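J.: Return a 3D structure for these sequence lines:
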Amino acid sequence: MKNKLLFLCSIVITITLNCSAFQFSNSVQVTSNLTFFLNGEKSYLPQFQFKSDEAIFYTLVANPLTPTNLVHYFALPFDETFAFKMLDDKNREVKKNERGFANSKEPNLIKNRNDTRKLKPRPIGYEPYFLFRPDEMFMITNKGVYELDVRIRICVPMTNGVPDTKAMTSLHGLLMSTNFNVVVSDPVRVRIIKE
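T.: Residues are numbered from 1 along each chain as shown. From the prediction side, this is the model:
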């Protein structure tokens with residue numbers, strides 16, 4: 001049943017991304033062929049709001065116009081993959097707890113193929129993954145509405161200072177590339193409700 005639901009969601013997303021008049025709401029492009037958004041455990045589409053104890057998932061979606069419907073990149077270690085912060089209703093930053101700091105480290109500098117040896121190549125078509133529960137990363141002491149900003153970082157091949165999206169369409173292209181860099185998305189913003 002879950003596979004059928006994922007298949008149906010991937011069709012909806014494919015149609016949505018192909019419609020030039022419609023922009024996928026509450027998502028950002030990481031590269032021109034890869035989109036990032038946050039969703040819930042039972043929803044495979046972008047969400048705008050979560051409870052502070054609710055599981056948040058992140059999803060990467062390959063642009064359906066990619067020849068293979070897959071985009072390849074090097075995944076950073078989880079503790080270097082995300083930059084995130086939370087603001088209260090007065091626009092003050094909410095402090096991260098120890099786990100929050102441990103899971104939002106700055107990535108190591110990556111410039112060439114040797115720097116990618118410890119990283120795992122990952123193909124993406126439409127993949128949701130568990131991110132975290134806000135209560136597990138932040139010291140949220142007061143009830144209220146908060147804003148969570150999440151950015152994703154991925155390592156991609158580069159040509160002339162921009163992501164080489166052609167090399168990203170095959171594992172061979174990714175592995176044969178010689179220049180790499182970490183690309184950081186714009187933030188995806190969601191509301192967090194603490195009850």
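
J.: hey, let's count contacts and neighbours off CA atoms from now on
T.: Noted.

J.: How about the contacts made by residue 137?
T.: 96, 97, 98, 99, 100, 101 (C-alpha atoms under 8 Å, 6 or more residues apart in numbering).

J.: okay, the last one: pLDDT?
T.: At residue 101 the predicted local confidence, pLDDT, stands at 92.

J.: Also the first one?
T.: What the model reports as pLDDT for residue 96 is 95.

J.: Against residue 125, how distant is it?
T.: 32 Å (C-alpha to C-alpha, to the nearest Å).

J.: Looking at these two, which is more packed in?
T.: Taking residue 96 and residue 125 together and counting by other C-alpha atoms under 10 Å, residue 96 has the greater number of neighbours (21 against 18).

J.: following the longest strand along the chain, which helix or strand shows up next?
T.: Looking only at the chain and at elements set by DSSP state E, the strand with the highest residue count is strand 144-159. From strand 144-159 onward toward the C-terminus, using DSSP states H and E, the following helix or strand is strand 162-163.

J.: what separates that following strand from the chain centre, distance-wise?
T.: Its chain's average C-alpha position is 17 Å from that of strand 162-163, according to C-alpha atoms, centre = their mean, to the nearest Å.

J.: Which other helices and strands does the helix or strand just after that strand contact?
T.: Downstream of strand 162-163, the first helix or strand assigned by DSSP H and E is helix 171-176. Helices and strands touching helix 171-176, as assessed by 3 or more C-alpha pairs under 8 Å, 6 or more residues apart in numbering; DSSP states H and E, comprise strand 71-75.

J.: The same query, at a cut-off of 10 Å, please.
T.: Of the remaining helices and strands, those touching helix 171-176 by 3 or more C-alpha pairs under 10 Å, 6 or more residues apart in numbering; DSSP states H and E are strand 71-75, strand 120-124, strand 144-159.
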